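Trainee: Kindly return the folded structure for what I paste below:
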Amino acid sequence: GTDYGADLIVTMSTSLSNLSFENKIIVQVKSFSGTHHDLDAVEQVKTGIGKYAGTAGMIITTAEKSEELENKVKKSSDEIGVPIDLLAFDDVAKFVIKHAPELIFKLDGIS
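Mentor: Residues are numbered from 1 along each chain as shown. This next block holds a predicted model:
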């Protein structure tokens with residue numbers, strides 16, 4: 001089968017009084033070294049946004065982002081009218097350390 005460009009679907013719900021909102025972020029993850037020049041991830045996340053009615057997209061790559069990749073992300077986001085973000089290289093580690101340090105550090109017994 002296929003994941004239709006969605007390695008991960010993050011659903012975030014919020015409400016205010018009787019109003020409820022849901023955002024669905026389609027995430028495509030790539031594990032590369034060096035600089036990320038492959039543009040397939042952009043097409044994959046666009047496919048996922050269409051298939052799963054995503055309200056945003058994100059590409060996460062372990063490689064350094066290339067100007068070509070950044071430009072493709074921006075152009076695609078503008079074309080489909082849905083925000084797509086790019087998280088690359090050191091920013092991936094910073095994101096994990098900030099939001100899920102328990103995945104990296106053993107924090108048992110620390111108060």
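
Trainee: only C-alpha atoms for contact and neighbour calcs from this point on.
Mentor: OK.

Trainee: least trustworthy helix or strand in this structure by mean pLDDT?
Mentor: helix 90-99 (a mean of 90; mean pLDDT, DSSP states H and E).

Trainee: Okay, buried residues for it please.
Mentor: residue 92 (16 or more other Cα atoms under 10 Å).

Trainee: what about the nearest residue to residue 49 once chain neighbours are set aside, neighbour count?
Mentor: Spatially, and ignoring its direct neighbours in sequence, residue 49 is nearest to residue 26 (6.0 Å; Cα to Cα, 6 or more residues apart in numbering). Number of residues near residue 26 (other Cα atoms under 10 Å) recorded here: 29.

Trainee: before we move on, what about residue 11?
Mentor: Neighbour tally, residue 11, other Cα under 10 Å: 12.

Trainee: Residue 7 and residue 29 touch, don't they?
Mentor: Yes. Counting by Cα atoms under 8 Å, residue 7 sits close enough to residue 29 to count as a contact (6.4 Å).

Trainee: joint contacts of the two?
Mentor: Common neighbours of residue 7 and residue 29 (criterion: Cα atoms under 8 Å, 6 or more residues apart in numbering): none identified.

Trainee: Neighbouring strands of the strand ranked longest in the chain in the sheet, and parallel or not?
Mentor: If you go by DSSP state E, the chain has its longest strand at strand 19-30. With DSSP bridges as the test, strand 19-30 is paired with strand 8-16 (antiparallel), strand 56-61 (parallel).
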